[in-house]
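Sequence first, then the predicted structure:
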Amino acid sequence: MRVTLLSHFPGRGGSTSLLKQLHSDLETRQVTSSIIVGRDASDSILKNYRVVEGTSPLDRRRSYLQLLSETAPDVVFRISGVEELDWLRFTALPRASHFFSFESHDYLSIPHLARATGPFLELCSANTPDLEDLLNRTLNRPVPFQLLPYHISREFLTVPEPTLGLDEPLRIAYVGRLDSFQKQIERLPRIIQLVASHRPDLRWEIHGDGPEKARLLTELDARHVAHMVTFHAWTAPRDLPAALKRCQLFFLCSKWEGLPTALVESMLCGLAPVVPKLPAGIAHTVTPKMGWTYEPNKIETAAATLCEAVADRSRLLACRREAWRTAQAMAAPEAIKAQTDAFVHRLRQLKFNGNVETQLDMPALSPLSFQELPGALARRSLRKLRNLLSTT
């Protein structure tokens, strides 16, 4: 059997990590896999892949179909990318698509994309089972679905259950890209300042890097909280467990997420999550017994939830232990192997459903529906104007 894996780029990120994992999983199960990416990246973490060429939608569709014929797959599995999801409509082969999240905002609506491409998919996958119900309700029919779990580095699986340390300093960990589009990292200085006004003893450990780091450093200094934050850049997986064990809480302020690998890894290190309550992944995984969720995009609510999380050390320890136990069950190697075996078995069974577009010059798939687009464009223009006025 031959599978072509389709992703938007080969650089660092959750989609590429899953792509590398699946490529290895398929090869160990005697399935030949090839990789096609929509755009190249200077920081590629892949070795062997093909890149779609061209600038117009028509040229790029032709390039994709040519590369597809060269890889000669039995199944095409799309991991990420809107354009890549669009190309599946022109693919006369069994097609599967992964859904990391189910967000809907002013730049992208996953429910809209699922409705637009659902007839062209023989299988959908996700990291958590709640996506199945979301897809079923969105498409108003049962959707062929299969779990596709993350592999977690073995270094995280040997961290012991957390114990109570009454005198240990309280530390909050952030692990991820320092960007403003998804992670909304520009909100972090204000959140740190608000928390510090109630708990000046808290310290922050940031593991990651990205385009917003310089702005983040400047803002932290302007708010007089830079001394509370330590930056570690990207920490190697073999070293990250020891670093995370020094912390008690894991924090995110993202606009959208699925189930971040960093969240599971932090739970395995005994950290209780404080994260936005986002559909698909986080809302399914994080329960009140193991952590705290808050209304997304609310800076004051995020800060108040962090203060609540550190108010009672006994409760915090109980949540940390429950988070550790939950992650141990999720990341158990035997469970991961069984789910991966089931996924590959499902791929082998796929049959082309006959739905395919043949008019290559038809309009590209829009990331938003026609009903959503006017309001989204208006809000995006207003934000740009506000940002321009704030810098003049």
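Received it, and whenever you're ready, just let me know what you need.

which residues touch residue 177?
Going by Cβ atoms under 8 Å, 6 or more residues apart in numbering, residue 177 touches 12, 13, 183, 185, 208, 209, 210. C-beta here means a position set from N, CA and C on the backbone, and glycine is covered the same way.

Was I right to think the fourth one contacts residue 192?
No: between residue 185 and residue 192 no contact is recorded; they are 11.3 Å apart, counting by Cβ atoms under 8 Å.

and the residue lying closest to residue 108 once chain neighbours are set aside, helix, strand or coil?
Of all residues not flanking residue 108 in the chain, residue 367 sits nearest, at 4.6 Å (Cβ to Cβ, 6 or more residues apart in numbering). Here residue 367 is coil, with the state taken from DSSP: H, G, I helix; E, B strand; the rest coil.

how close does residue 367 sit to residue 30?
Residue 367 sits at a distance of 37 Å from residue 30 (criterion: Cβ to Cβ, to the nearest Å).

Would you mind telling me which of these two has the busier surroundings?
residue 367 (21 against 8; other Cβ atoms under 10 Å).

if I pick the more buried one, what's in contact with it?
By Cβ under 8 Å, 6+ apart, the residues touching residue 367 are 82, 107, 108, 109, 112, 113.

Turn the residues you listed into TSV, including pLDDT.
Shown next, in TSV, are the contacts of residue 367 (pLDDT from 0 to 100):
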residue	pLDDT
82	95
107	83
108	88
109	92
112	94
113	95
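
Could you single out the nearest of those to residue 219?
The nearest member of these to residue 219, counting by Cβ to Cβ, is residue 107 at 23.4 Å.

per-residue confidence at the nearest residue to the closest one once chain neighbours are set aside?
Leaving aside its chain neighbours, residue 107 sits nearest to residue 367 (6.6 Å; criterion: Cβ to Cβ, 6+ apart). Note for residue 367: predicted pLDDT of 87.

burial of residue 47, as a residue count?
Residues lying near residue 47 (other Cβ under 10 Å) number 9.

What distance do you get for it to residue 373?
39 Å.

show me what contacts residue 310?
Listed by Cβ under 8 Å, 6+ apart, the contact set of residue 310 reads 170, 199, 202, 248, 249, 316.

In helices, which of those residues appear?
residue 316 (DSSP state H).

out of the contacts of residue 310, who's nearest residue 282?
residue 249 (14.9 Å).

and that closest one, how many neighbours?
Residues near residue 249, counting by other Cβ under 10 Å: 26.

hmm, which of the contacts of residue 177 are the buried ones?
Listed as buried from those are 12, 13, 183, 185, 208, 209; burial here means 16 or more other Cβ atoms under 10 Å.

could those go into CSV alongside pLDDT and secondary structure?
CSV is the format used below for the buried ones among the contacts of residue 177 (pLDDT from 0 to 100; DSSP: H, G, I helix; E, B strand; the rest coil):
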residue, pLDDT, secondary structure
12, 82, coil
13, 83, coil
183, 93, coil
185, 95, helix
208, 93, coil
209, 92, coil
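
okay if I get those as TSV plus distance to residue 336?
Converted to TSV, those look like this (distance: Cβ to Cβ, whole Å):
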residue	distance to residue 336
12	22
13	21
183	26
185	30
208	25
209	28
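
and which of those is nearest residue 128?
residue 13 (18.4 Å).

Which residue is the nearest non-sequential neighbour of that closest one?
Nearest to residue 13 is residue 177, by Cβ to Cβ, 6+ apart, at 7.6 Å.

for the helix or strand where residue 191 lies, the distance to its chain's centre please.
Per DSSP states H and E, residue 191 falls inside helix 188-198. Taking Cα atoms, centre = their mean, to the nearest Å, one finds helix 188-198 lying 25 Å from the centre of the chain it belongs to.

Which strands and helices lie in contact with it?
On a contact count with 3 or more Cβ pairs under 8 Å, 6 or more residues apart in numbering; DSSP states H and E, helix 188-198 meets helix 213-222, helix 299-309.

Go again with 10 Å.
In terms of contacts (3 or more Cβ pairs under 10 Å, 6 or more residues apart in numbering; DSSP states H and E), helix 188-198 is packed against strand 171-175, strand 203-207, helix 213-222, strand 229-231, strand 249-251, helix 299-309.

Would you point to the one among these that's packed deepest?
strand 249-251 (a mean of 27; mean count of other Cβ atoms under 10 Å).

So for the next helix or strand after that strand, mean pLDDT?
Counting by DSSP H and E, the element after strand 249-251 in chain order, helix or strand, is helix 261-268. Helix 261-268 shows a mean pLDDT of 96.

And for stretch 84-98?
Stretch 84-98 comes out at a mean pLDDT of 97.

Give me the buried stretch members for it, please.
84-91, 93-98.

How about stretch 348-366?
350, 365, 366.

what's the answer for stretch 152-169, then?
152, 155, 156, 159, 162.

Please identify the helix or strand for the second one.
If I follow you right, that is residue 155. Using DSSP H and E, residue 155 sits within helix 154-157.

Need the residues that contact that helix.
Outside helix 154-157, the residues that touch it by Cβ atoms under 10 Å, 6 or more residues apart in numbering are 236-242, 244, 261, 264-269, 327-328, 331-333.

list the contacts for residue 105?
For residue 105, the contacting residues are 182, 255, 256, 296, 297, 367, 368, 372, 376, 379, by Cβ under 10 Å, 6+ apart.

who wins for most neighbours among the residues you listed?
residue 256 (24 neighbours).

How about that residue: what's its closest non-neighbour residue?
residue 103 (3.5 Å).

residues touching the one you found, list them.
Residues in contact with residue 103, defined by Cβ under 10 Å, 6+ apart, are 109-111, 182, 254-258, 278-280, 296.

rerun that using 8 Å as the cut-off
Listed by Cβ under 8 Å, 6+ apart, the contact set of residue 103 reads 109, 110, 255, 256, 278, 279, 280.
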